[in-house]
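[1] Just the structure for this:
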Amino acid sequence: VSVEKWGHCSMAPGEEQARPLVLGQRVYAVWAGNGKYYPGHVEALNEETGVVTVAWEDEGDDHKEVAADKVLPFEEYQGEATPWLMSKIDAAVEVRSIESKGRCLFTNEAKSPGDIIFVEAPICAALPSKHPAVWEAVNEVHKRQPLDLGAGWHFAAAVSMLELDEQGTKLALDKWAPDEEKVPCQDSLNVLSYFTERQVKGLEQVDPGLYQKMLVSWRYNAFAHGSESDGLVMYNRISMMAHSCSATCCWQYGPDDTFVLRSRVTLEPGAEITVSYLEEDDLIKGTDIRRQKLEMWRFWCACDRCQLEVDVTRGFACPKCMAGVCFVARTGSTERMIPCNVCYAPVRKEDQEELMGYEKQYYDVLEGIEKEDIPRIEEVRGCALQCFKQHWVVYQLEQWLIEKYRRDDQLLTEALLLAQRALGFLTETSPWASHTLASAYETVGELLLTSGPKPLRKERYREAASYFERGYRVMSAICGDEGDGALVLRSKWANAQQKG
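    A predicted model of the protein is given here:
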């Protein structure tokens, strides 16, 4: 049987080598009935059509003929997180150059929320646990003279010199980075000089130009490692995705640092694939804060959400009636407060300046507050409620209080009220699928079951079940129906539903 025809592997881009399927081999193959992998054995190989006949282990007789690219050797299967061949990825998505954005990624296939778009293995994973001597050397340079980018990026660049072959290096360098930063800087020269001085194995003689290019490639295209706090990971196609503060896709890590990319909205063929470069905690904040944080990637965010005139995460209590909300609106670089949504009174210039001045002060307070200092958080929240009505500052303060209150049996009712407020804020300002939203539904459901008089009434269980169900629906769009997070919420939903 032709090795080229039947080769399969789950190696990183640029490292693909054919591994032939053979008759009788145990495999995992996609059953067309639901698109999921199931175990079986190779019963026949049709070289002309590229189809494998699979004898399913459950002895089922339907959908036995499977395309070769949907059959994996048994030992290579890692569930849905099994990395795809680059040829399969390139069939699923397309890279296009967009004016003002550069290279972007688009789907070739229709996708529903929760569907996998593709799974990619890393080009390189830079882990201190794997290269402790290099990590120690870079940190020693950093201690002598602080590196502008810190130790992590330089460590990743050094690991690339050790691990990547010619093809891997080419892929790593084929990433966006500012041209002016590709000239060797003094920090890079200092690191390389130290490697030479201390004869760090494999790094005694490194080309400064290549090292600098690798450094900035990591700087603008890497992801934080899933389990090692100081580790970094770089991917090939994944790095082509543009940012959006209301991204069309979400992702999670699989085994061996695979990147599992899913759609969190309905996508039609030709739709752009976007992810958020920001942490979820930052996505609940105002446009001004999000754009400021994104400047580290050297662009001014113009996503659909940032282009909205009214910022619904920055609501102020109306100075006139105190019942309504006055939101911040932006026209170009100019911010203003729009009239109250209840009494329709415009905001006087002096009131606007005063309220926005308070807002900046609260930003500074949040940066310096100790999350365990509950009396201080309660004090700040009490003051914040005097000027904010629907604002991310209040949401953040109340999140800290929820985490504390829910651990105290005497404060469970207060925790439930705050959790319901937090969920309301999220559904008003950022209702798309996210871990934050799923967790908010789960928290309300749990507090409904732990607060209030016992025994609980059936209505209480049914109410809790409705929140667990909604959390499950959200989590399914993030990690799939069978993802760990989704299964936990599905179990809580079923248990509450049974008791209700």
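[2] Determine the number of other residues adjacent to the closest residue to residue 414 other than its chain neighbours.
    In space, and not counting its chain neighbours, residue 414 is closest to residue 405: 5.3 Å by CB to CB, 6 or more residues apart in numbering. Bear in mind the C-beta positions are built from the backbone N, C-alpha and C, glycine included. Residue crowding around residue 405 was assessed by other CB atoms under 10 Å; the count is 22.
[3] With residue 145 instead?
    Using other CB under 10 Å, residue 145 is surrounded by 10 other residues.
[4] which SS state does the nearest residue to it once chain neighbours are set aside fall under?
    Closest residue to residue 145 apart from its sequence neighbours, by CB to CB, 6+ apart: residue 190 at 6.5 Å. Using DSSP: H, G, I helix; E, B strand; the rest coil, the secondary structure recorded for residue 190 is helix.
[5] same deal with residue 470?
    Residue 470 ends up helix, using three-state DSSP.
[6] Make 28 the starting number, not 1.
    Shifting the count to begin at 28 puts that one at residue 497.
[7] which residues does residue 106 contact?
    Going by CB atoms under 8 Å, 6 or more residues apart in numbering, residue 106 touches 64, 281.
[8] From residue 252, how far out is it?
    Computed as CB to CB, to the nearest Å, the residue 106 to residue 252 distance reads 20 Å.
[9] where exactly do the helices run in the stretch 378-527 of the chain?
    401-411, 419-432, 439-456, 462-477, 485-506, 511-526 (DSSP state H, counting those that start in this stretch).
[10] what helix or strand does residue 70 sit in?
    strand 63-73 (DSSP states H and E).
[11] Give me the buried positions along that strand.
    64, 65, 67, 68, 69, 72 (16 or more other CB atoms under 10 Å).
[12] give me phi/psi at residue 282?
    Dihedral pair for residue 282: phi -60, psi 150, per degrees, to the nearest 10.
[13] where's it relative to residue 138, distance?
    Distance from residue 282 to residue 138, by CB to CB: 23 Å.
[14] Give me the more crowded residue out of those two.
    Per other CB under 10 Å, whichever of residue 282 and residue 138 has more neighbours is residue 138, with 22 against 10.
[15] Buried residues in stretch 114-133, which are they?
    116, 119, 120, 131, 132, 133.
[16] Least confident secondary structure element in this protein?
    helix 30-33 (a mean of 40; mean pLDDT, DSSP states H and E).
[17] what about the protein, any weak spots by pLDDT?
    Along the chain, the model assigns pLDDT under 70 to residues 28-46.
[18] And the contacts of stretch 78-88?
    If you take CB under 8 Å, 6+ apart as the criterion, stretch 78-88 is touched by 33, 48, 54, 56, 58, 65-73, 91-95, 98.
[19] and with 10 Å instead?
    Outside of stretch 78-88, the residues within contact range by CB atoms under 10 Å, 6 or more residues apart in numbering are 33, 35, 48, 50-58, 60, 65-73, 89-98.
[20] Please report how far the closest residue to residue 60 other than its chain neighbours lies from residue 522.
    Excluding the flanking residues, the one nearest residue 60 by CB to CB, 6+ apart is residue 90, at 5.5 Å. Distance from residue 90 to residue 522, counting by CB to CB: 34 Å.
[21] now do residue 419
    Where residue 522 is concerned, residue 419 sits at a distance of 33 Å (CB to CB).
[22] now residue 402
    36 Å.
[23] the more surrounded of those two?
    Each of residue 402 and residue 522 has its neighbours counted (other CB under 10 Å); residue 522 has more, 15 against 7.
[24] residue contacts, the more buried one?
    By CB under 10 Å, 6+ apart, the neighbours of residue 522 are 476, 488, 491, 492, 495.
[25] Out of the residues you listed, the closest to residue 305 would be?
    Within the set of the contacts of residue 522, residue 495 lies nearest residue 305; the separation is 27.7 Å, counting by CB to CB.
[26] The closest one and residue 471 touch, don't they?
    Yes - here residue 495 reaches residue 471: they are 9.2 Å apart, a contact under CB atoms under 10 Å.
[27] Which residues are in contact with residue 366?
    Contacts for residue 366 (CB under 10 Å, 6+ apart) come out as 345, 347, 351, 353, 354, 372, 373, 374.
[28] Could I get the full set of helices for the stretch 78-227 of the chain?
    With DSSP H, counting those that start in this stretch as the criterion, the stretch 78-227 of the chain has helices spanning 113-119, 159-171, 177-190, 193-200, 213-224.
[29] and the third one, what does it pack onto?
    Under the contact definition 3 or more CB pairs under 10 Å, 6 or more residues apart in numbering; DSSP states H and E, helix 177-190 sits against strand 151-153, helix 159-171, helix 193-200, helix 213-224, helix 235-248, strand 259-261.
[30] Count the residues that sit near residue 137.
    Residue 137 - counted by other CB under 10 Å - has 13 other residues nearby.
[31] Same question for residue 429.
    The local packing of residue 429 (other CB under 10 Å) involves 22 other residues.
[32] ok, now how distant is it from residue 405?
    Per CB to CB, residue 429 is found 12 Å from residue 405.
[33] which among the buried residues of stretch 114-133 gets closest to residue 296?
    Nearest to residue 296 out of those is residue 133 (CB to CB; 8.5 Å).
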